[in-house]
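1. Fold the following and give me the result.
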Amino acid sequence: MLLSQSTRSVSDLLTRWRNPASISSLPLPLSNSSSAGAPACSETVWIVPLQQHSWYDHVRLKRVFVADGTRHQVVLIDVRKLLACADRDNTDYVLKPVAEWHAGKVRGIREFLDPDNPRIPQMPYVTISTRRAPGVLGWFGIEREGVVAFRNGQHRARYLAEAGARWFPVEVHEREAALLREMCGAPDDARTAIRPVLLNAGGV
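-> You can find the predicted model right below:
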């Protein structure tokens, strides 16, 4: 699928946003406590690089749940593993591949995710469960497989996969976070590619 236009660089974006005192050593936040030390006027934004998308080379994503007590966590996932689990969902809400979407839907998602858009999109929000895997081991309850359902953000997740994202953050209830990491978690080195930054109310 051809996704083309002039590329805007993630390095340029990070240069504009760079705050040496707060960004250079910022860890990947994984729970609601992640923003506890940040000023009230700031929010954490994840920069996700795209490998096969010439309209722009990164997207920005922010949390769905930011208030204290929401009991949700951010988990950095492997895109292929997540979508393999999502394809097992039997609720009739599994989308077709991006190449089969109509042009208006593709354009809408592309414009929605554009890093030049003043509105920062929320990361996908998912739930995960397990079921018996196919085959003898599954029949005897020895082997299980993950099943992911999107509560929000399935279009953006599949578009990001088509655009070459290898990993990106999703939000999940804390009781399912460990299972999501086990079934779909990204490797440790993904933390160096997915960069969270602090964005203040002025957009810098």
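
2. can you give me the strands for the chain?
-> Secondary structure of the chain (DSSP state E): strands located at 42-49, 58-62, 72-78, 125-132, 144-152, 167-173, 195-200.

3. Select, out of those strands, the one closest to Pro115.
-> Nearest to Pro115, of all the strands of the chain, is strand 58-62, at 5.3 Å by C-beta to C-beta. Bear in mind the C-beta positions are built from the backbone N, C-alpha and C, glycine included.

4. Point out where the chain drops to low pLDDT.
-> 1-41, 68, 133, 135-142, 201-204 (pLDDT under 70).

5. hmm, try it at 50
-> Applying pLDDT under 50 to the chain picks out residues 1-2, 6-7, 13-39.

6. Just list the residues touching Val172, thanks.
-> His72, Gln73, Val75, Tyr125, Val126, Thr127, Ile128, Leu180 (C-beta atoms under 8 Å, 6 or more residues apart in numbering).

7. Wait, the third one touches Met183, no?
-> No - with contact defined as C-beta atoms under 8 Å, Val75 does not reach Met183; the gap is 10.3 Å.

8. More neighbours: which of the two?
-> Between Val75 and Met183, counting by other C-beta atoms under 10 Å, Val75 is the more crowded of the two (25 against 22).

9. Return the residues in contact with the more buried one.
-> Leu30, Pro169, Val170, Glu171, Val172, Ala177, Leu180, Arg181, Cys184, Gly185 are the contacts of Val75 under C-beta under 8 Å, 6+ apart.

10. Show me what it is bridged to.
-> For Val75, the beta-bridge partners are Val170 (DSSP bridges).
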